[in-house]
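Visitor: only the shape, not the letters, is given here:
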């Protein structure tokens, strides 16, 4: 979901850029719920394969990409920094006008795993431009590093929300719109094309099957997880209701899907919670979905508070479910997996 949030704490970011921050040292639990403190508005989380690292998008005006260490429970800023040295891949991203670090508002994330410790990260970017920013991720050293390598500017009038890597070097994005929401696919050399059969109210998160034959879409407006075939004529579409607005969707290690989001007394109550932090009756939610049977089971329901204002993403880390959120909060919540 794309809405303007509260201003970032510059002190918090400065502390993170240096080392473990005072926020991390004062990261008290809320009963059985523990936290990783530091990243501001951690809207999306993606694990880096064969490493202890998570990549985190801080969805703020002039926001940041963070690296979070799941062992030490600490985070640091990866981008933008004064040390950033861009390297444009002109062969793949020849239409990219070049790097733009100012006005960086990161949103959805997707990681294309490499054969070793080098991977490709796609980032939905708002702010100075609407684009997918592409980074090379190096997880081979003691700390994680990023190099910007290109961008793909969004089609005219498209407001992107989430992105998922596809076979062939391309990706698919959601266009978050209630009246004309749909998916767009980009492939090197072919550019952008609308995805047939993808029209729905408020498509939000998205992941793809490994072979790229199936897309799984978080229906924010429909409160359902939507399964859409790719490359089939006619397209096959099915869904399962989850009882809450779905923001991001992530694969779990057992092959199930984690659909994270939020629910309130009305749709307007979600907007009120985001814009004014008036969150009575609003809960952060996580539902586990079987992608084959399309069955759903609620696993997290957590009332909105100053610790986690509005949940947007969930991933499994060991025996825990980690939940990120937006609206200026500086914590990733950690729930016991059940």
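Guide: Arrived safely, thanks for sending. Being a predicted model, the structure only gives us computed values, none of them experimental.

Visitor: how close does the residue nearest the centre of the chain get to residue 56?
Guide: Residue closest to the average C-alpha location in the chain (CA atoms, centre = their mean): residue 44, at 2.8 Å. As judged by CB to CB, to the nearest Å, residue 44 and residue 56 stand 7 Å apart. Quick note: C-beta positions are derived from backbone N, CA and C, even for glycine.

Visitor: quick one: which helix or strand includes residue 271?
Guide: If you go by DSSP states H and E, residue 271 is part of helix 267-276.

Visitor: give me the helices and strands touching that helix, please.
Guide: Packing partners of helix 267-276 (3 or more CB pairs under 8 Å, 6 or more residues apart in numbering; DSSP states H and E): strand 257-263, strand 310-317.

Visitor: out of those, nearest to residue 108?
Guide: Residue 108 lies closest to strand 310-317 among the helices and strands packed on helix 267-276, at 9.1 Å (CB to CB).

Visitor: tell me which strands and helices the helix or strand that the closest one is followed by is in contact with?
Guide: Sequence-wise, the next helix or strand downstream of strand 310-317 (DSSP H and E) is strand 320-326. For strand 320-326, the packing partners by 3+ CB pairs under 8 Å, 6+ apart come out as strand 42-47, strand 283-290, strand 295-303, strand 310-317, strand 331-336.

Visitor: angle of strand 320-326 against strand 283-290?
Guide: Relative orientation of strand 320-326 and strand 283-290, computed by axes from the mean of the first three to the mean of the last three CA atoms, to 10 degrees: 130 degrees.

Visitor: tell me, what's touching residue 44 and residue 56 both at once?
Guide: Counting by CB atoms under 8 Å, 6 or more residues apart in numbering, the residues touching both residue 44 and residue 56 are residue 324.

Visitor: distance check, the residue nearest to residue 102 when sequence neighbours are not counted against residue 80.
Guide: If the residues on either side of it in the chain are set aside, residue 102 comes closest to residue 128, at 5.8 Å by CB to CB, 6 or more residues apart in numbering. According to CB to CB, residue 128 stands 11 Å off from residue 80.

Visitor: and residue 6, what pLDDT?
Guide: What the model reports for residue 6 is a pLDDT of 37.

Visitor: hmm, back to that, wait, which of the helices and strands packed on strand 320-326 is closest to residue 260?
Guide: Nearest to residue 260, of these and by CB to CB, is strand 310-317 at 3.8 Å.

Visitor: what mean pLDDT does the closest one have?
Guide: 97.

Visitor: which other helices and strands does that strand contact?
Guide: Under the contact rule (3+ CB pairs under 8 Å, 6+ apart), strand 310-317 is packed against strand 42-47, strand 245-251, strand 257-263, helix 267-276, strand 283-290, strand 295-303, strand 320-326.

Visitor: and the first one with strand 320-326, angle?
Guide: Which is strand 42-47. Relative orientation of strand 42-47 versus strand 320-326 (the same axes, to 10 degrees): 140 degrees.

Visitor: who does strand 42-47 touch, helix- and strand-wise?
Guide: When contacts are defined as 3+ CB pairs under 8 Å, 6+ apart, strand 42-47 packs onto strand 53-58, strand 104-112, strand 245-251, strand 310-317, strand 320-326, strand 331-336.

Visitor: now do 6 Å
Guide: strand 53-58, strand 104-112, strand 310-317, strand 320-326 (3 or more CB pairs under 6 Å, 6 or more residues apart in numbering; DSSP states H and E).

Visitor: who does residue 203 bridge with?
Guide: Beta-bridge partners recorded for residue 203 (DSSP bridges): residue 219.

Visitor: swap in residue 224?
Guide: Assigned bridge partners for residue 224, using DSSP bridges, are residue 219, residue 241.

Visitor: and if you look at residue 260?
Guide: Residues in a beta bridge with residue 260, per DSSP bridges, are residue 286.
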